[in-house]
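**Q** this is the structure alone, sequence omitted:
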């Protein structure tokens, strides 16, 4: 089972995704610090949105097998700088969240994650259980 760290902006669906992957009840709460859910590390969105915290992300990623970058498909703004994945020494995957919503930007989200350096991209909806099994299978390989 791979150990992964989940990185994305505030409100991108990181915690909800983890709750779906771990088959937990969905509870909406603000992540204030690194939180550990077995083999998955949840990060606050502020760590991505403030460059001063990039160091905390890289240090937390050392114990992981993979990095997962989360892009909210309902947000047209790309939250990752180009080649963001290059700050990590581990493989990076991309996850496009909220694909069940209306007025979404899936193709823009995929392009954002590719430009950031994601090598494999998943499309998910934690609410509708779309793509969750694919990520579980990937993590368990």
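**A** Thanks, I have the structure now. In this text the structure is predicted, and so the values were computed from the model without any measurement.
**Q** Three-state assignment for the residue nearest to the spatial centre of the chain, please.
**A** Closest to where the C-alpha atoms of the chain average out (C-alpha atoms, centre = their mean) is residue 70, at 3.1 Å. Here residue 70 is recorded as strand under DSSP: H, G, I helix; E, B strand; the rest coil.
**Q** what's across from it in the sheet?
**A** Taking DSSP bridges, one obtains residue 8, residue 95 as the residues bridged to residue 70.
**Q** and it, how close does it get to residue 26?
**A** Noted for residue 70: a distance of 16 Å to residue 26, by C-beta to C-beta, to the nearest Å. All C-beta atoms are positioned from the backbone trio N, CA, C, and that covers glycine.
**Q** can you pull the contacts of residue 40?
**A** Shown in contact with residue 40 (C-beta atoms under 8 Å, 6 or more residues apart in numbering): 3, 4, 5, 6, 18, 21, 22, 139.
**Q** next, give phi and psi for it.
**A** Residue 40 has phi and psi values of phi -120, psi 130 when expressed as degrees, to the nearest 10.
**Q** residues in contact with stretch 130-140?
**A** 1-2, 4, 17, 20-21, 39-40, 66, 93, 95, 99-100, 120, 122-126.
**Q** just stretch 111-125 next, same as before
**A** Here stretch 111-125 makes contact (C-beta under 8 Å, 6+ apart) with 17, 20, 69, 71, 73, 78-86, 91-101, 106, 110, 130-132, 134-135, 138.
**Q** could I get the full set of strands for this protein?
**A** 4-8, 35-37, 40-42, 66-72, 92-97, 120-123 (DSSP state E).
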